[in-house]
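Trainee: Return atomic coordinates for the entry below.
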Amino acid sequence: MTNTSFNVLGIAGSLRKASYSAALLAEIVAMSDDRMRITAFPLHDVPLYNQDLEPTPGQPPSPEPVTRFRKAIGEADGLILVSPEYNYGTSGVLKNALDWASRPGYKSVLLGKPVLIVTNSPGVYGGVRAQEQLRQTLSATLARVVLRAEIAVAGIATKLNGGKLTDESTRGFLKEGLADLAAEIERSRKK
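Mentor: Alright, predicted model coming up:
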C-alpha cells in the first residue's frame, strides 16, 4: 500500500444490539490507521425499499436516511460489508440497503466501488452462502468485489469475548483482507 489514505465505509447487516456482525465491524473499525480510516454506517433508519419513494421530476428526493446512506457510499473510497447468514443467505437488512444504494441502475454510487465482504456465523461454515449471495447482488450493481479467499468467520460466538475479537488468526485474516481492499482501491483509482 502507498502513503495514500483511504476513507472506507463499514456496514453491518444486523440491527440486533448484541449483533456479532456489528461487534466484528467495530473490531475492524478499531484496526483503522492513518492509511485507512474506517467508519461504520448503521442501517437502523434505512426504510424498506420502495421504488415509489425514488425521486422523479417534480417529486421530493428519496427519504433522508437513504440520501445520507448513498452520500456516505459515494464519498467512500471503498466498502466493507459484514453480514450474518440467515437461512442460507444474507440478512434482509443488508440486502434492502444494497437495493437502495443500487439505484439508479448502472449509475449508482456502487458502480466501480471496491467492496470487501466479511461474513460470520455461529456455525461451521461462517456464512459462505451469505457471501455468495452478496457477490451476486454486488455483481448486478457493477461494484468491484475484492477477489481473495473468502473471509467467513465460523464459530463467531467463540471468537468474540465481551464484543472483542480474541481470535488472533481471524484478526490476521481480517488485516490481510483490509490490505487487499486497499490494493483494490488503488487499482480502481488508476482506471
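Trainee: now the spatially most central residue of the chain, what's its secondary structure?
Mentor: Central residue of the chain (C-alpha atoms, centre = their mean): L81, 1.7 Å from the mean position. Of the three states, L81 takes strand under DSSP: H, G, I helix; E, B strand; the rest coil.
Trainee: buried sites along the longest helix along the chain?
Mentor: Assignment by DSSP state H gives helix 168-190 as the longest helix of the chain. Using 16 or more other C-beta atoms under 10 Å as the test for burial, helix 168-190 gives T170, F173, L174, G177, L178, D180, L181, A182, E184, I185. The way it works is simple: take the backbone N, C-alpha and C, and place the C-beta from them, glycine included.
Trainee: Stretch 154-170 too?
Mentor: Buried residues in stretch 154-170, counting neighbours by 16+ other C-beta under 10 Å, are found at A154, G155, I156, K159, L160, L165, D167, T170.
Trainee: ok, which pair from those is furthest apart?
Mentor: Of all pairs drawn from these, the one with the longest distance (C-beta to C-beta) is A154 and L165, at 13.6 Å.
Trainee: where exactly do the strands run in this protein?
Mentor: For the chain, the strands defined by DSSP state E cover 6-12, 36-40, 78-84, 114-121, 144-145, 151-154, 160-161, 164-165.
Trainee: Same list, the ones you listed, but as TSV with distance to G58 and mean pLDDT please.
Mentor: Shown next, in TSV, are these (distance: least, C-beta to C-beta, whole Å; pLDDT from 0 to 100):
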stretch	distance to G58	mean pLDDT
strand 6-12	31	98
strand 36-40	34	97
strand 78-84	32	98
strand 114-121	34	98
strand 144-145	35	98
strand 151-154	45	97
strand 160-161	49	94
strand 164-165	49	96
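Trainee: okay, these in a markdown table with distance to R135 next?
Mentor: Below are those laid out as a markdown table (distance: least, C-beta to C-beta, whole Å):
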| stretch | distance to R135 |
| --- | --- |
| strand 6-12 | 15 |
| strand 36-40 | 21 |
| strand 78-84 | 10 |
| strand 114-121 | 7 |
| strand 144-145 | 6 |
| strand 151-154 | 12 |
| strand 160-161 | 25 |
| strand 164-165 | 24 |
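Trainee: So for D52, which of those sits nearest?
Mentor: Taking C-beta to C-beta, strand 6-12 is the member of those nearest to D52, at 24.3 Å.
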